[in-house]
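K.L.:
Got a sequence here, can you build the structure:
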Amino acid sequence: MPSEPAREIGSEFHWDPAGLLGGGCGGLPDWLPERRELFATGCGALRELLRRLAAPGRLHVPSYFCPGVAAALAECLPVTYYRHLPDGRGPRWETLRVRPGDVVLAQNLFGRDDPAPWAGWIAAHPGVPVIEDHSHDPFGGWARRSTAAYALASLRKTLPLPDGALLWSPQGRRLPAPRGPQSAGAAQKLTAMLLKAGWLDGWPVRKEHFRALQRAGESALLGSSGPVSTFTAAVLPVLDVAGIRARGTRNVVALGELLDGCTGRWPAADAAPFRLPWVAATRAQRDALLAHLAAHRIFAPVHWPQNRHGWWSGDHEAAAWADRMLTLPVDHRCSSADVRRIAGVVTGFSGRASRESRDGHIIRA
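P.N.:
As a prediction, the model looks like this:
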């Protein structure tokens, strides 16, 4: 008899009730301020915050950032870009030229950035509101010790939830409230998560069915400024947030060690890196690796394509990085065998690519 196909790795989260905890042990960390807001999406939270600030100037956005979100924010405030690349060097401060009335969006890219330079910049520019995006590591040391005017995190990037974004103010400033109704997209996405769980367990569920629901839900949810869904609001207090974060971190570190043999103090003790970014030598090699991974049922996202003929940062260096990047989908769902499988597939491809005078590598910093 033919062997069963390998289990799928990556793609959208499914719903697994094993992630729930009882006895008040789950939920958000207790260091978060009581004054906080839960929105359906991070983009929606940002839009409501910018409307509340009503700043007369511009919004400074990192050049390696989701173009769709930046385009949506430009409806609230003129957007300009400063250079921040996934090379571990942080923002290029000489490109962040603020004027009175401006607002700055900072990000902890892939959960790997050093918070100290931003803390220094914030202290040196007390009149410029800084909004920190902690979506790639919502509950790390940087988020906990933030001195920014505002901080937010899109929770559905790292937690198995259909929607949800957290907004708070480390400086204790007033926050906007969600606006409008709950998004119907969250219900569609939750349905897709439940169906995917059945499919993964071998029940007669058609993959194209839950994938179509997921896409429709994501489209409906896009940019919603409404409140978080009833499901997410009810589940979040009993979700094993700390355990999910810890398992994901262990798997990222294990995969990094398998791929380049490095050990030691990586990541920082209070950081949880977001997946494992991989940069290829060329766009063609990146695309070939994406196809190679997919052929082995490993589905890696790209953060984030920049369409030079549409909305993009205007930073050719950032766009060139985006052309060569993918994100290896290692997270809390992976078993040790899954981690070894990802490493084997990538190593096999890299060995072939090296023989063809091409190469790629993970990003540690």
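
K.L.:
Residue 198: neighbouring residues, count only.
P.N.:
Per other C-beta atoms under 10 Å, the neighbour tally for residue 198 reads 14. All C-beta spots, glycine's among them, are computed from the backbone N, C-alpha and C.

K.L.:
Next one: it from residue 80, what distance?
P.N.:
Computed as C-beta to C-beta, to the nearest Å, the residue 198 to residue 80 distance reads 47 Å.

K.L.:
now swap in residue 44 and tell me
P.N.:
Residue 44 is 22 Å from residue 80, by C-beta to C-beta.

K.L.:
One more: residue 250?
P.N.:
Distance from residue 250 to residue 80, by C-beta to C-beta: 39 Å.

K.L.:
Phi first, then psi, for residue 132.
P.N.:
Backbone torsions of residue 132, given as degrees, to the nearest 10, read phi -100, psi 130.

K.L.:
Give me the residues contacting stretch 281-289.
P.N.:
Stretch 281-289 is contacted from outside by 278-280, 300, 302, 323-326, 346, 349, 353, 358-360, using C-beta atoms under 8 Å, 6 or more residues apart in numbering.

K.L.:
where does residue 326 fall, phi/psi-wise?
P.N.:
phi -150, psi 170.

K.L.:
State the number of residues packed around it.
P.N.:
Using other C-beta under 10 Å, residue 326 has 21 neighbouring residues.

K.L.:
That one reaches residue 301, doesn't it?
P.N.:
Yes: between residue 326 and residue 301 there is a contact under C-beta atoms under 8 Å: 7.2 Å.

K.L.:
now the spatially closest residue to residue 270 that is not a sequence neighbour: how far from residue 245?
P.N.:
Leaving aside its chain neighbours, residue 270 sits nearest to residue 141 (3.2 Å; criterion: C-beta to C-beta, 6 or more residues apart in numbering). Distance, residue 141 to residue 245, using C-beta to C-beta: 12 Å.

K.L.:
for the stretch 101-250 of the chain, which spans come out with low pLDDT?
P.N.:
Within the stretch 101-250 of the chain, no stretch has pLDDT under 70.

K.L.:
mind listing the strands for it?
P.N.:
103-107, 130-133, 150-154, 165-168 (DSSP state E, counting those that start in this stretch).

K.L.:
for the second one, packing partners?
P.N.:
Spelled out, that is strand 130-133. Packed against strand 130-133, as judged by 3 or more C-beta pairs under 8 Å, 6 or more residues apart in numbering; DSSP states H and E, are the following elements: helix 42-53, strand 103-107, helix 115-124, strand 150-154.

K.L.:
nearest to residue 64, of those?
P.N.:
Closest approach to residue 64 among the helices and strands packed on strand 130-133 is made by strand 103-107 (8.5 Å; C-beta to C-beta).

K.L.:
could I have that closest one exported to PDB, CA atoms only?
P.N.:
C-alpha atoms of strand 103-107 as PDB (Å, rounded to 0.1, in the frame of the first residue of the first chain):
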ATOM      1  CA  VAL A 103       3.900  60.200  14.200                       C
ATOM      2  CA  VAL A 104       6.400  57.300  14.000                       C
ATOM      3  CA  LEU A 105       5.500  53.600  13.600                       C
ATOM      4  CA  ALA A 106       8.300  51.300  14.900                       C
ATOM      5  CA  GLN A 107       8.400  47.500  14.700                       C
END
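
K.L.:
ok and it relative to strand 150-154, angle-wise?
P.N.:
Per axes from the mean of the first three to the mean of the last three C-alpha atoms, to 10 degrees, the angle that strand 103-107 makes with strand 150-154 is 50 degrees.
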